[in-house]
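S.K.: pasting the structure only:
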């Protein structure tokens, strides 16, 4: 558990062992803080896009990157068949303690098994693709876990707003050769710091284009209040 930053913090909060908030550091901004209590929010406290996504779930559901299991717990209480998946051992321990019946401790890229009707990737779960170069293979792997009539529900953000804006309304994005939504993070908790890891935020138009290239329909379901959105991916009709 020494390098399981999120899992350790979740366990501390759940068992009331002097929890602290996680400190995050990114390649785009200064130090920030992730309130652990927010990861245990109930349905009333969830953002509008998350509430909409949960209402659209159907069939067998895989909650990818489930964290403390708040989304899975809500779906399970509604009588739905949901499996919570996370690579964090601490997160999965918390999910079990909260009463989630079906859990898997594994990275989504290492998981193979029965197919699901809904793949849920909330809290920018598409970031697990790491970067634009990895997005295609990530989507192909998700397709392998999807039933013919299945769906992938995901939210993400266009982080163009984090760059300086000129008088004409355009944004000054450094010409590094990389997509501007590729971010590198580190996290720290109680004196321990994680290894740096890549994370992807993707604008809807780019998601739509890449999804099409890899045989997926892309539908914009809703827009949030600040450059965020909810999208649904589904298999293209091959007939």
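M.R.: Nice, I can see it. Only a predicted model underlies this, so the values are computations on that prediction, with no experimental measurement involved.

S.K.: all helices for this protein, in order.
M.R.: 5-14, 48-56, 70-77, 89-97, 132-144, 204-213 (DSSP state H).

S.K.: the lengthiest strand in the chain relative to helix 132-144, how many degrees between them?
M.R.: Scanning the chain for the strand with the most residues, using DSSP state E, yields strand 146-157. Put simply, strand 146-157 runs at 140 degrees to helix 132-144, going by axes from the mean of the first three to the mean of the last three CA atoms, to 10 degrees.

S.K.: for strand 146-157, packing partners?
M.R.: On a contact count with 3 or more CB pairs under 8 Å, 6 or more residues apart in numbering; DSSP states H and E, strand 146-157 meets helix 48-56, strand 116-121, strand 228-235. From N, CA and C alone the C-beta is placed, and that goes for glycine too.

S.K.: can we see that at 10 Å?
M.R.: The contact analysis (3 or more CB pairs under 10 Å, 6 or more residues apart in numbering; DSSP states H and E) places strand 146-157 against helix 48-56, strand 60-64, strand 116-121, helix 132-144, helix 204-213, strand 216-223, strand 228-235.

S.K.: okay, the angle between it and strand 216-223?
M.R.: Using the same axes, to 10 degrees: strand 146-157 against strand 216-223 is 40 degrees.

S.K.: distance from strand 146-157 to the middle of the chain?
M.R.: 12 Å (CA atoms, centre = their mean, to the nearest Å).

S.K.: quick one: strands adjacent to it?
M.R.: Strand pairing for strand 146-157, using DSSP bridges, gives strand 116-121 (parallel), strand 228-235 (antiparallel).

S.K.: which of those sits most buried?
M.R.: Counting by mean count of other CB atoms under 10 Å, strand 116-121 has the highest mean neighbour count of the strands paired with strand 146-157, with a mean of 24.

S.K.: can you give the distance of that one from its chain's centre?
M.R.: 12 Å.

S.K.: tell me the angle of that strand relative to helix 70-77?
M.R.: Using the same axes, to 10 degrees: strand 116-121 against helix 70-77 is 150 degrees.

S.K.: look at residue 161 and report its pLDDT.
M.R.: Note for residue 161: predicted pLDDT of 80.

S.K.: just the helices and strands packed on strand 146-157: most buried one?
M.R.: Highest mean neighbour count among those (mean count of other CB under 10 Å): strand 60-64, a mean of 26.

S.K.: just to revisit the earlier point, the strands paired with strand 146-157: which one's closest to residue 105?
M.R.: Residue 105 sits nearest to strand 116-121 of all those, at 17.1 Å, using CB to CB.

S.K.: who are the contact partners of the residue nearest the centre of the chain?
M.R.: The centroid of the chain falls nearest to residue 125 when counting by CA atoms, centre = their mean (1.6 Å). Going by CB atoms under 10 Å, 6 or more residues apart in numbering, residue 125 touches 63, 64, 65, 66, 67, 108, 119, 152, 153, 154, 155, 156.
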